[in-house]
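1. sequence below, structure please.
(chains A and B)
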Amino acid sequence: MTVFDDLRRRGIVQDFTAGTAELLSSGRPVRFYAGFDPTADSLHLGHLVPVMAMARLQKAGHIPFVVLGGATGMVGDPSGKNQERPLLDLEAIQHNLESQKQQLRRFLDFDGAAAAQMVNNADWFSGMGYLEFLRNVGKHLNVAYMISKDLVKRRLETGLSYAEFSYQLIQAYDFLYLRQHYEVQLQLGGSDQWGNITAGIELIRRILGTEAYGFTVPLLTKADGTKFGKSEGGNVWLDSRRTSPYKFYQYLINIADEDVKKLLLIFSPQSPDEIEDLLNRHLQAPHQRLAQHHLADHLTRLVHGEEALQKAQFSSAILFGKASPDQLKSLTPEELEEVFETVPQGRATLQQFLEASTLTDLLALFPQFFPSKSEIRRLMESGGMYVNRCPINSNAPLDSEWLLHGRYLLVQKGKKQFFLLQFL
RNA sequence: GGGGAGAUACCAAAGCGGUCAAAUGGGCUUGACUGUAAAUCAAGUGGCACUUGCCUUCACAGGUUCGAAUCCUGUUCUCCCCA
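-> From the prediction side, this is the model:
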């Protein structure tokens, strides 16, 4: 099976231009690229879909080019947005580029025969004047063509600035430039990039008289209608400072059964047949969450490394396993720190602990976790408040016996939200 | 420039002088059920106290009234129609 067939079978390909399959199975390494917008200093889970596509292509011998959008980031892609994006300042863009670059190194191989390369489109745009751009690029695409793009059409009604309208030209020029200077023949991107990709192909055809190719990866949505990679708190980031490995792991463990197959196909190194087999086993014992564990293990390891994965697993086992209050007490301080490393933590003084007469008063010292006393009361009344894994349903007076190792208190809001309070 | 409609809690949307901390739906939180699921059901969802209580909220600033989200005036913003 060719790599492109494999990608299609895995549901990684949404649309593709004619000839793409042939190009990728010709036996020669194909240089291909995908662009990344420096809108944040970290990539998130959603970005990983095109990245996985790139990694798989590279494994098959093709050569990835990562185009960092130093120039395009300054304009803002209208794709998929209903509103004009705020412009980022230069410094922020630079910072974001650097961070994303580091992250991408985890997924693509920058050495070896098919070594990936990284380029920044600011390199070829910063020296170009506006008039030059109009002559070289603007001249070759006509407005009717540009306006006919779905995304542009949609935005024409709600408002689209000239800068964003021009975006497709800029991205089209990227492709042209890469075709001319690096012999890049194929572009891939999210499904919202289709219009930009075809604009590039069109430009190459007109100026160079040669063919170029492209395909898009799907925008993943979950069964509940939300985007894959988004949680309540926002994006699930790859940066451990934004989304802890534990949270990252938990997000994946909690993926619904309906979605897990789709995600395994995209992210797992296993073959579609093996995945099918795994899912069958999963369905025989759904409570074991075989499929989810497989997905979470693989991605956490890939993104955060083996050590972080083990910590996340250990924490999860303690927090969601049948860890009794006694087991909790048997943990050493080191183990405690370890387990709760990725759980939100609060600190106060022992003095404050002793002065607080009731649990409610104590918890109110941590407004970031417990914004109001009413909420604390409600939680206790509904049975959703736990201290050291014991349900607390009345505003019991405090007991210093509760402190683990004389300083820690594990508080839970419901079954899934944990807070470690430390009193020094 | 002229005419009209409107701004209510996270969102949508009722309320049109007291019984309004404000209907209803969504969202969110918790509980039950379960597989750390889905679906379903229940409770809660401004703050403080907690038996009826108090305080801050219905764009903003004033005013009328014993009493206003509800009436009046001004300000800001949004939408629609005609030029």
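
2. so what touches stretch A:2-21?
-> Applying Cβ atoms under 8 Å, 6 or more residues apart in numbering, the contact partners of stretch A:2-21 are A:1, A:24-25, A:49, A:52-53, A:56-57, A:59-60, A:62, A:186, A:191, A:194, A:197-198, A:201, A:211, A:213-218, A:262, A:265-266, A:272. Heads up, the C-betas are built off the backbone N, CA and C, glycines and all.

3. list the buried residues for that stretch?
-> A:3-4, A:6-8, A:10-14, A:16-17, A:20-21 (16 or more other Cβ atoms under 10 Å).

4. ends of that stretch, how far apart?
-> Counting by Cα to Cα, to the nearest Å, you get 8 Å between the two ends of stretch A:2-21.

5. does A:Phe110 really touch A:Gln102, like I thought?
-> No. A:Phe110 is beyond contact range of A:Gln102, at 11.4 Å (criterion: Cβ atoms under 8 Å).

6. before we move on, back to that, closest to A:Asn395 out of the buried residues of stretch A:2-21?
-> A:Gly11 (52.2 Å; Cβ to Cβ).

7. from A:Leu252, how far out is that closest one?
-> To A:Leu252, A:Gly11 is 18 Å away according to Cβ to Cβ, to the nearest Å.

8. kindly report the same for A:Ile170.
-> Separation of A:Ile170 from A:Leu252 (Cβ to Cβ): 35 Å.

9. how about A:Gly46?
-> Distance from A:Gly46 to A:Leu252, by Cβ to Cβ: 13 Å.

10. the two: which is more packed in?
-> A:Leu252 (23 against 17; other Cβ atoms under 10 Å).

11. just give the nearest non-adjacent residue to that one, would you?
-> A:Ala296 (3.6 Å; Cβ to Cβ, 6 or more residues apart in numbering).

12. from the contact counts, what lies against whichever strand or helix holds that neighbour?
-> Using DSSP states H and E, A:Ala296 sits within helix A:290-304. If you count contacts as 3 or more Cβ pairs under 8 Å, 6 or more residues apart in numbering; DSSP states H and E, helix A:290-304 packs onto helix A:245-253, helix A:257-267, helix A:272-284, helix A:306-320.

13. could the ones you listed go into TSV alongside mean pLDDT and distance to A:His140?
-> Formatted as TSV, these follow (pLDDT from 0 to 100; distance: least, Cβ to Cβ, whole Å):
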stretch	mean pLDDT	distance to A:His140
helix A:245-253	91	44
helix A:257-267	91	36
helix A:272-284	92	42
helix A:306-320	88	49
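
14. please identify the deepest-packed of those.
-> Comparing those by mean neighbour count (mean count of other Cβ atoms under 10 Å), helix A:245-253 comes out on top with a mean of 23.

15. which stretches of the stretch 101-250 of chain A have low pLDDT?
-> Scanning the stretch 101-250 of chain A for pLDDT under 70 picks out A:154-160, A:225, A:232-233.

16. let's see that with 90 instead.
-> The model of the stretch 101-250 of chain A has pLDDT under 90 over residues A:101, A:111-114, A:121-123, A:125-130, A:135-170, A:190-193, A:195, A:219-237, A:240-247.

17. can you show me the helices along it?
-> Assignment of helices within the stretch 101-250 of chain A using DSSP state H, counting those that start in this stretch yields the ranges A:122-125, A:130-136, A:143-147, A:150-158, A:162-165, A:167-182, A:194-208, A:245-253.

18. and the first one, what's buried?
-> It stands for helix A:122-125. A:122, A:124-125.

19. of those, closest to RNA strand B?
-> A:Phe125 (33.7 Å; Cβ to the nearest atom of the strand).

20. what is the neighbour count of the nearest residue to that closest one once chain neighbours are set aside?
-> Once flanking residues are discounted, A:Phe125 sits nearest to A:Ala71: 3.7 Å by Cβ to Cβ, 6+ apart. Residues contacting A:Ala71 under the criterion other Cβ under 10 Å number 21.

21. gap between A:Ala71 and RNA strand B?
-> Per Cβ to the nearest atom of the strand, to the nearest Å, A:Ala71 is found 32 Å from RNA strand B.

22. you'd agree that residue is up against A:Val119?
-> No. At 11.0 Å, A:Ala71 does not count as touching A:Val119 under the criterion of Cβ under 8 Å.

23. how far away is the nearest residue to A:Ala312 once chain neighbours are set aside from A:Ala396?
-> Distance criterion Cβ to Cβ, 6+ apart; nearest residue to A:Ala312, sequence neighbours excluded, is A:Tyr249 at 3.8 Å. Distance from A:Tyr249 to A:Ala396, counting by Cβ to Cβ: 33 Å.

24. wait, what's in contact with A:Phe320?
-> By Cβ under 8 Å, 6+ apart, A:Phe320 has no neighbours at all.

25. wasn't A:Gln412 part of a strand?
-> Yes. Assessed with DSSP: H, G, I helix; E, B strand; the rest coil, A:Gln412 lies in a strand.

26. who does it bridge with?
-> Beta-bridge partners of A:Gln412, counted by DSSP bridges, are A:Tyr386, A:Phe418.

27. follow-up on the earlier one: the residue nearest to A:Ala312 reaches A:Ala296, doesn't it?
-> Yes. Counting by Cβ under 8 Å, A:Ala296 is a contact partner of A:Tyr249 at 5.1 Å.

28. and the contacts of stretch A:43-59?
-> Under Cβ under 8 Å, 6+ apart, the answer for stretch A:43-59 is A:3, A:6-7, A:12-13, A:24, A:30, A:32, A:34, A:36, A:64, A:66, A:100, A:103-104, A:107-109, A:114, A:116, A:188-190, A:217-220, A:227-230, A:235-238, A:243, A:251, A:266-267, A:299.

29. what residues sit buried inside that stretch?
-> With burial defined by 16+ other Cβ under 10 Å, the residues of stretch A:43-59 counted as buried are A:43-58.

30. give me the residue from the stretch 201-350 of chain A nearest RNA strand B.
-> For the stretch 201-350 of chain A, Cβ to the nearest atom of the strand, closest residue to RNA strand B: A:His287, 2.6 Å.

31. sorry, back to before: distance to A:Ala308 added to the helices of the stretch 101-250 of chain A, as TSV?
-> Listed next are the helices of the stretch 101-250 of chain A as TSV, based on distance: least, Cβ to Cβ, whole Å:
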stretch	distance to A:Ala308
helix A:122-125	33
helix A:130-136	45
helix A:143-147	45
helix A:150-158	38
helix A:162-165	38
helix A:167-182	35
helix A:194-208	35
helix A:245-253	4
